[in-house]
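Enquirer: this is a predicted model, with the sequence first.
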Amino acid sequence: MKITDKEIKIAQASNGLRNKRSGAYVSFEGWIRDHNEGQNVRRLEYEVYEPIAIKEGENIIDEAKKKFDIHHASCIHRSGLLDIGECAVWVGVSSSHRKDAFEACKFIIDEVKCRLPIWKKEYYENGDSGWVNCETCASN
Amino acid sequence: MKITDKEIKIAQASNGLRNKRSGAYVSFEGWIRDHNEGQNVRRLEYEVYEPIAIKEGENIIDEAKKKFDIHHASCIHRSGLLDIGECAVWVGVSSSHRKDAFEACKFIIDEVKCRLPIWKKEYYENGDSGWVNCETCASN
Amino acid sequence: MSKLIEVSYFAIFREKAGRDSEAFKTKSETVLDLFKEIKKVHGFDEPQGHCKVAMNNDLVQWDAKIEDGDKVLFFPPVSGG
Amino acid sequence: MSKLIEVSYFAIFREKAGRDSEAFKTKSETVLDLFKEIKKVHGFDEPQGHCKVAMNNDLVQWDAKIEDGDKVLFFPPVSGG
């Protein structure tokens, strides 16, 4: 689990998961969209409390390795200011068979979004800004 | 849907799926493993009947776009000789929300493996070679 | 009535038949009947349910009718990915 | 017995409190009781079930006991990814 305020180097990160016994690799990327709940987003800021984000991210990856038959798993999340189209979060998983890689990758991003102390603030075209509600809260 | 006898340029391919309204990107890569069913694999050859592989691949992508709420989807499959660790097939899907991207990506690779006229021949360390049984046949 | 069909083989079918393609004279009405004939000639033993067949470059069902001059492609069980 | 707790705020909590952290004097026994006190002081109205709390840099349950000198971190609903 890594937090970075620089562009996520995805090719480099995914290379770290390659090995000769892995047949499957599944990755997820979260990109900054130009809209959210009807507002036009110009850019976005992530606030991350790193000590716990990293610890909890490692916990999630360990849980994924116990739950699913995978070889490697990794996650990188951005902090600071991001522009539209940038990659905010990357998850990569390698395994022998693809089913487990898909399930583990989905598990990791679902948990990362729920459990890591990371907050997203959107800056809108009209000059407003606002902290984004978490997905779970929004659905309540 | 593309068939190529050269290395799959994944970064380039995934860039083709980016757009400002997509928030999620899921990709699958199939890598050549150094073993299969207890044998040590040295390299591998894919025979592809391209006219129908491309047509059927496009059908699968169209089906995925109907079944799931996604923006773009693409698939590239290798033909010819490959070494251990090389990427044999890539699938990329972009969408607004990640659930559909995961499901569509899994759907596409599952169907590609079942429906495209592509055959894998393995060359083993002991000098033998053999056509690989399809996954479905193997489970019967 | 006897028809002349251009039959193509792939992967293990090609290896077993010892050729890419051949002109095959047949009285079969459907691609399935033609496949049954050819299985015997070349000793194909792959389960037909996992094989596929194309005619004139489109995948077709096993009950597709064949006509003189058709190009029929027989695909053994696939293993892409 | 009154304890002095170092409390830290993040994201919308920081904005509402108008500060990153503060020394907070309390008689609360648990982080939950402390949170209830602080909610009133700073006007936090985020549902507590979606908030998280850490003590001395580890996530803890809401019934965790606080001691004089503890560092308590209050996290509003997260929105990573």
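Expert: Done, it's in. Numbers count the residues shown, from 1 in each chain, chains lettered A, B, ... in the order given.

Enquirer: please list the residues of chain C that sit near chain B.
Expert: Residues of chain C lying near chain B by C-beta under 8 Å from any C-beta of the partner chain: C:10-12, C:15, C:46-47, C:50, C:52, C:54, C:57-59, C:73, C:75-81. Yep, even glycine has a C-beta here, placed from its N, CA and C like the rest.

Enquirer: report the buried members of these.
Expert: Buried subset of the residues of chain C next to chain B (neighbour count, 16 or more other C-beta atoms under 10 Å in any protein chain shown): C:10-12, C:46, C:50, C:52, C:54, C:59, C:73, C:75-81.

Enquirer: residue of chain C nearest chain D, please.
Expert: Among all residues of chain C, C:Gly81 sits closest to chain D, at 28.9 Å; criterion: C-beta to the nearest C-beta.

Enquirer: let's see the pLDDT reported for that residue.
Expert: Listed pLDDT for C:Gly81 reads 91.

Enquirer: you'd agree it is up against B:Ala88?
Expert: Yes. Assessed by C-beta atoms under 8 Å, C:Gly81 is found in contact with B:Ala88 at 6.7 Å.

Enquirer: okay, and the common contacts of these two?
Expert: Common neighbours of C:Gly81 and B:Ala88, using C-beta atoms under 8 Å, 6 or more residues apart in numbering or on different chains, are B:Gly30, B:His77.

Enquirer: buried sites along stretch A:34-42?
Expert: Within stretch A:34-42, judged by 16+ other C-beta under 10 Å, the buried ones are A:Asp34, A:His35, A:Asn36, A:Val41.

Enquirer: let me fix that, I meant to ask about stretch C:21-38.
Expert: Those would be C:Phe24, C:Thr26, C:Ser28, C:Thr30, C:Val31, C:Leu32, C:Leu34, C:Phe35, C:Ile38, for stretch C:21-38 by 16+ other C-beta under 10 Å.

Enquirer: which one is the second one nearest to, not counting chain neighbours?
Expert: Using C-beta to C-beta, 6 or more residues apart in numbering or on different chains and skipping residues adjacent in sequence, the residue nearest C:Thr26 is C:Leu34, 5.5 Å away.

Enquirer: doesn't that neighbour fall inside a strand?
Expert: No. C:Leu34 is assigned helix when assessed by DSSP: H, G, I helix; E, B strand; the rest coil, not a strand.

Enquirer: what about chain C, any weak spots by pLDDT?
Expert: Within chain C, no stretch has pLDDT under 70.

Enquirer: same thing but at 90, please
Expert: For chain C, the stretches flagged by pLDDT under 90 are C:1.

Enquirer: the strands in it, which residues?
Expert: C:3-9, C:21-26, C:52-55, C:58-60, C:71-75 (DSSP state E).

Enquirer: list the contacts of the third one.
Expert: Right, the one you point to is strand C:52-55. B:52, B:117, C:31, C:35, C:59-60, C:62, C:64, C:66, C:70-75, C:78.

Enquirer: swap in 10 Å and give it another go.
Expert: Under the contact criterion C-beta atoms under 10 Å, 6 or more residues apart in numbering or on different chains, strand C:52-55 has outside partners B:49, B:51-52, B:55-56, B:114-117, C:5, C:8, C:10, C:30-32, C:34-35, C:59-62, C:64-67, C:70-78.

Enquirer: got the phi and psi for the residue in chain C positioned nearest to chain B?
Expert: For chain C and chain B, the shortest gap (C-beta to the nearest C-beta) falls at C:Gly80, measuring 3.1 Å. In terms of degrees, to the nearest 10, the main-chain angles of C:Gly80 are phi -70, psi 170.

Enquirer: quick check: it vs B:Asp62, distance?
Expert: Distance, C:Gly80 to B:Asp62, by C-beta to C-beta, to the nearest Å: 18 Å.

Enquirer: still on that earlier bit, among the buried ones among the residues of chain C next to chain B, which one lies nearest to A:Ser94?
Expert: Proximity of those to A:Ser94 (C-beta to C-beta) peaks at C:Gly81, which lies at 15.5 Å.

Enquirer: verify the contact between that closest one and B:Phe28 for me.
Expert: Yes. With contacts counted by C-beta atoms under 10 Å, C:Gly81 reaches B:Phe28, the gap being 9.1 Å.

Enquirer: okay, now residue 1: neighbour count?
Expert: Defaulting to chain A. By other C-beta atoms under 10 Å in any protein chain shown, the residues close to A:Met1 number 20.

Enquirer: if you could check chain C rather than the one you did, that'd help
Expert: There are 5 residues near C:Met1, going by other C-beta under 10 Å.

Enquirer: for A:Arg115, same thing?
Expert: By other C-beta under 10 Å, neighbour count at A:Arg115 equals 18.

Enquirer: over to the one 5 residues further on?
Expert: Using other C-beta under 10 Å as the criterion, A:Lys120 is surrounded by 22 other residues.

Enquirer: who's in contact with it?
Expert: A:32, A:36, A:44-47, A:82, A:88, A:130-134, D:11, D:78-81.

Enquirer: in strands only, show me those residues.
Expert: A:Asn36, A:Leu44, A:Glu45, A:Tyr46, A:Glu47, A:Leu82, A:Ala88, A:Gly130, A:Trp131.

Enquirer: and the residues you listed, which are buried?
Expert: Here, 16+ other C-beta under 10 Å leaves A:Asn36, A:Leu44, A:Glu45, A:Tyr46, A:Glu47, A:Leu82, A:Ala88, A:Trp131 buried among these.

Enquirer: mind putting those into JSON lines with distance to A:Glu122 and pLDDT?
Expert: Output for those, formatted as JSON lines (distance: C-beta to C-beta, whole Å; pLDDT from 0 to 100):
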{"residue": "A:Asn36", "distance to A:Glu122": "6", "pLDDT": "84"}
{"residue": "A:Leu44", "distance to A:Glu122": "5", "pLDDT": "94"}
{"residue": "A:Glu45", "distance to A:Glu122": "8", "pLDDT": "97"}
{"residue": "A:Tyr46", "distance to A:Glu122": "11", "pLDDT": "98"}
{"residue": "A:Glu47", "distance to A:Glu122": "12", "pLDDT": "98"}
{"residue": "A:Leu82", "distance to A:Glu122": "10", "pLDDT": "96"}
{"residue": "A:Ala88", "distance to A:Glu122": "12", "pLDDT": "97"}
{"residue": "A:Trp131", "distance to A:Glu122": "8", "pLDDT": "92"}
